[in-house]
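[1] here is a sequence together with a model predicted from it:
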Number of protein chains: 2
Amino acid sequence: MSMGLLRLLRGKKASAPVARERLQILLAHERGMRGQPDLLGVLREEILAVVSKHVMLDPTKVVVRLERGDEVSTLEVDIEVPNDIDRKRVAVA
Amino acid sequence: MSMGLLRLLRGKKASAPVARERLQILLAHERGMRGQPDLLGVLREEILAVVSKHVMLDPTKVVVRLERGDEVSTLEVDIEVPNDIDRKRVAVA
């Protein structure tokens, strides 16, 4: 992974103090000549399913963006994890 | 997700022509005051298991980096998908 990409993330000082818990997931698929055209579309649901086993997901706080390019497709998932008050609201919904 | 992060990835012109198929996965977990300390350690194996259902993984071509910070932890998985010649070699191994 390019250093720039990682420096961007690591350098990102958490908004101090970090009140909210947040999970960002980014996938990039360079397909080459014979890669699967919709690998990220397939992985999207399964990765969300894995995450939801460990993190309470509030659908209104999950942003998913899937961009299909000729050679590079990207899947971006941005999850704000509900705090205790939200958790009760989500549990009731 | 910050535009910079995405521009970096999307702007990344695939090495022309892209002979190899490649999947990059990046997770960033901002924990906040009460997030799970080792969420990425837990997600790592399960995400690799999901990917391996759809992509032939050659262990020698999978790079995993997990960095635990106080507030932000990052998990980086860089997978080069074997081409047909490699696939036979991996299948035999």
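    It's in.
[2] buried residues in stretch A:49-62, which are they?
    For stretch A:49-62, the neighbour count (16 or more other CB atoms under 10 Å in any protein chain shown) marks A:50, A:51, A:55, A:57, A:58, A:61, A:62 as buried. C-beta coordinates here come from the backbone N, C-alpha and C atoms, glycine included.
[3] give me the phi and psi for the third one.
    Torsion angles at residue A:55 (phi, psi; degrees, to the nearest 10) stand at phi -130, psi 130.
[4] settle this for me: it is touching residue B:39, isn't it.
    Yes. Taking contacts as CB atoms under 8 Å, residue A:55 lies within contact range of residue B:39: 7.0 Å.
[5] where do the helices sit along chain A?
    For chain A, helices defined by DSSP state H occupy the ranges A:3-11, A:39-54, A:84-92.
[6] got the contact list for residue A:47?
    A:25, A:27, A:77, B:47, B:50 (CB atoms under 8 Å, 6 or more residues apart in numbering or on different chains).
[7] for residue A:71, see how far away the fourth one is.
    Same thing as residue B:47. Using CB to CB, to the nearest Å, residue B:47 is found at 23 Å from residue A:71.
[8] check residue A:55 too.
    Taken as CB to CB, the span from residue A:55 to residue A:71 is 32 Å.
[9] tell me which two of the contacts of residue A:47 sit farthest apart.
    Using CB to CB, these span at most 13.1 Å, a distance reached by A:77 and B:50.
[10] follow-up on the earlier one: adding distance to residue A:35 and pLDDT, write the contacts of residue A:47 out as TSV.
    Formatted as TSV, the contacts of residue A:47 follow (distance: CB to CB, whole Å; pLDDT from 0 to 100):
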residue	distance to residue A:35	pLDDT
A:25	20	95
A:27	13	95
A:77	21	94
B:47	19	93
B:50	17	95
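[11] mind picking the one among those residues that's closest to residue B:83?
    For the contacts of residue A:47, with residue B:83 as the reference and CB to CB as the criterion, the closest is residue A:27, at 20.3 Å.
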